[in-house]
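Novice: dropping the sequence and predicted coords here.
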Amino acid sequence: MNRYIEKLDSWELFPILDSIKDAIFIDDANGYTLWCNKACEEMYKVKLESIKGIHINTLEQKGIFSLSVARIVLEHQSETTIIHENKEGRKLLSTGTPIFGPGGNITKVITTARDITELSNLQSKLEDAESTLKDMKTAEKFADIGLIARSNTMFQVVQLARKLANVDSTVLLTGESGVGKSLIAKILHENGSRKEHPFVTVNCGAIPENLMESELFGYEKGSFTGARSEGKKGFFATAQKGTIFLDEISELPLPLQVKLLQVIQERYIIPVGGTEKIPVDVRIISATNKNLRQLVDQGKFRDDLYYRLNVVPINVPPLRERPEDILPLIKTNLDKYNKKYNQNKTIDPDAMAVLLKFDWPGNVRELMNIIERLVITGTKDVVTVENLPSFLLTHPTHPQQTYGHDLTLNSAMEKAEREILEDAAGKFHSTRAMAKALDVSQPTIVRKLNKYGIKLSG
């Protein structure tokens, strides 16, 4: 070992290599450290004297390197490039190059490493900007139907709906009341080949049971007392070549479930009081806020109809599982109702903090109703905590701290962001683990930790 070191120490190239900003690391054929330049000492926070003659496996175990490129080069006998992190979470691009002797065997491995953190951050910012632009375009496209999809979970639902728009199979939308299932149904219709034809919505829970059949399938003239003399087209006939959206499908009575199953299978309807089969060409989308599988087990919903409706399921997540959508929903609906009622209301940071922390059990519909109420009933242009409904303030999710009336909305949001990062930094021991848990890029985590001066635990 010493003969290699003595030979290397005599190189006149060392001063030149020390002046290079990229880290340079030299290992022998057995994986023992021979030399590194000053940039390497700075990048990995080591001294040459402390690592000279130490095996690369030991350096990995001690955490000097998160991953040794030289080890990979010796294993594969070829040049290798990797991206990894140093102790400080800086992103490094390392290339290991084998030096072969006369007999074709590796004699040394030369590793160079460059700090690409800033470049990675710029790339991350560019990706974030492109993603934001893409989200904005999507949001703009669906804003006219009232859909906000800024969160990753909701954006995935929208993307799935767009993908399924041109597939004519039945779709079952599930999710709590008020999450926006009807908006997803509209996306399915308006992005498919049937968009030029009718979109007919039927609320199965709002039609009396004795009228349900005639409303769905129509009736012939004189078929029952009170019937129109000319008869009436049903919802299925009205939706011809288009889409029929059967909301609250769980409320459909069992006798009607049999007839709906027949329509799906045979593609025809028979109006009440009629005998002629009328072909129908419609796409069927249904929705429910109940567990249909459980209703099947209880004998309250036909299993054969369930399987026919549930060909392609889409679950729309509740608002509490997509908190990123709350703020844009508040802003969008505040603008909407200000315009509708000729008002100019704004919401102060304390009140906004309450709205952002609330669980919204009634989901988007509840949030919209609250914003409309604040615009209508507020006597001042600025909505404060005192103007909020009392149940928002007594709800267990109401924040214990106050943000202060002198804080801007950006300051309030930064305070919340800092708290989330501090909490994550206490739970995880690497920026990569934090990034995975918070669903952002690792350079974003590094950038924000530096911004707030937060250190990782451990």
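Specialist: All right, it came through fine.

Novice: pull the contacting residues for residue 111.
Specialist: 23, 24, 25, 26, 27, 69, 70, 73, 94, 95, 96, 97 (Cβ atoms under 8 Å, 6 or more residues apart in numbering). No exception for glycine: its C-beta is placed from N, CA and C like everyone else's.

Novice: recalculate using a threshold of 10 Å.
Specialist: Residues in contact with residue 111 (Cβ atoms under 10 Å, 6 or more residues apart in numbering) are 23-27, 36, 40, 56, 65, 68-70, 73, 80, 94-97.

Novice: can you check what pLDDT the model gives residue 428?
Specialist: We have a pLDDT of 75 for residue 428.

Novice: nope, residue 359 is what I was after
Specialist: 89.

Novice: next, the distance between the ends of stretch 49-64.
Specialist: Stretch 49-64 has an end-to-end distance of 14 Å (criterion: Cα to Cα, to the nearest Å).

Novice: what residues does it touch?
Specialist: By Cβ under 10 Å, 6+ apart, the residues outside stretch 49-64 that reach it are 1-2, 4-5, 8, 25, 27-28, 30-36, 40-41, 44-46, 65-74, 86-87, 109, 111.

Novice: now stretch 155-163: buried residues?
Specialist: Across stretch 155-163, burial judged by 16 or more other Cβ atoms under 10 Å covers 155, 157, 158, 160, 161, 162.

Novice: beta partners for residue 95?
Specialist: When bridges are called by DSSP bridges, residue 95 pairs up with residue 81, residue 112.

Novice: my read: it touches residue 114, true?
Specialist: Yes: counting by Cβ atoms under 10 Å, residue 95 does reach residue 114; the two are 8.6 Å apart.

Novice: between the two, which contacts overlap?
Specialist: residue 22.

Novice: follow-up on the earlier one: inside helices: which ones of the contacts of residue 111?
Specialist: Applying DSSP state H to these, the entries found in helices are 40, 56, 69, 70, 73.

Novice: shaky segments in the chain?
Specialist: 1-12, 127-146, 222-229, 395-416, 439, 457-458 (pLDDT under 70).

Novice: and the strands in it, which stretches?
Specialist: With strands called from DSSP state E, the chain shows them at 23-28, 33-36, 80-85, 91-100, 106-115, 171-174, 199-203, 243-247, 268-269, 278-279, 283-288, 312-315, 346-347, 382-383.

Novice: dump those strands into TSV; add distance to residue 148 as well.
Specialist: TSV is the format used below for the strands of the chain (distance: least, Cβ to Cβ, whole Å):
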stretch	distance to residue 148
strand 23-28	47
strand 33-36	53
strand 80-85	35
strand 91-100	34
strand 106-115	39
strand 171-174	17
strand 199-203	20
strand 243-247	20
strand 268-269	37
strand 278-279	39
strand 283-288	19
strand 312-315	17
strand 346-347	17
strand 382-383	20
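
Novice: which of the ones you listed sits closest to residue 443?
Specialist: Residue 443 lies closest, by Cβ to Cβ, to one member of those: strand 91-100, at 6.7 Å.

Novice: got the angle between the closest one and strand 106-115?
Specialist: For strand 91-100 against strand 106-115, the angle by axes from the mean of the first three to the mean of the last three Cα atoms, to 10 degrees is 160 degrees.

Novice: roughly how far does the residue nearest the centre of the chain sit from residue 438?
Specialist: Closest to where the C-alpha atoms of the chain average out (Cα atoms, centre = their mean) is residue 152, at 1.3 Å. To residue 438, residue 152 is 11 Å away according to Cβ to Cβ, to the nearest Å.

Novice: repeat that for residue 40.
Specialist: Counting by Cβ to Cβ, the gap from residue 40 to residue 438 is 32 Å.

Novice: who has more neighbours out of these two?
Specialist: Remark: of residue 40 and residue 438, residue 40 carries more neighbours, 23 against 15, as counted by other Cβ atoms under 10 Å.

Novice: which residues in the stretch 201-350 of the chain form helices?
Specialist: Assigned by DSSP state H, counting those that start in this stretch, the stretch 201-350 of the chain shows helices spanning 209-217, 235-238, 254-266, 292-297, 303-309, 326-340, 349-357.

Novice: the strands of the chain: which one's closest to residue 429?
Specialist: Of those, nearest to residue 429 by Cβ to Cβ is strand 80-85, at 12.3 Å.

Novice: buried residues, the closest one. List them.
Specialist: For strand 80-85, by 16+ other Cβ under 10 Å, it's 80, 85.

Novice: count of residues packed around residue 297?
Specialist: 11.

Novice: so how far is residue 237 from it?
Specialist: In terms of Cβ to Cβ, residue 297 sits 34 Å off from residue 237.

Novice: ditto for residue 102
Specialist: 88 Å.

Novice: ok, residue 85 - contacts?
Specialist: Residue 85 sits in contact with 65, 66, 67, 91, 92, 117, 430, 431, 432, 442, 446, where contact means Cβ under 10 Å, 6+ apart.

Novice: check residue 272 too.
Specialist: Residue 272 neighbours (Cβ under 10 Å, 6+ apart): 211, 213-220, 223-224, 227, 231-232, 234.

Novice: now swap in residue 243 and tell me
Specialist: Contacts of residue 243 (Cβ under 10 Å, 6+ apart): 168, 171, 185-186, 188-190, 192, 194-195, 197-201, 282-285.
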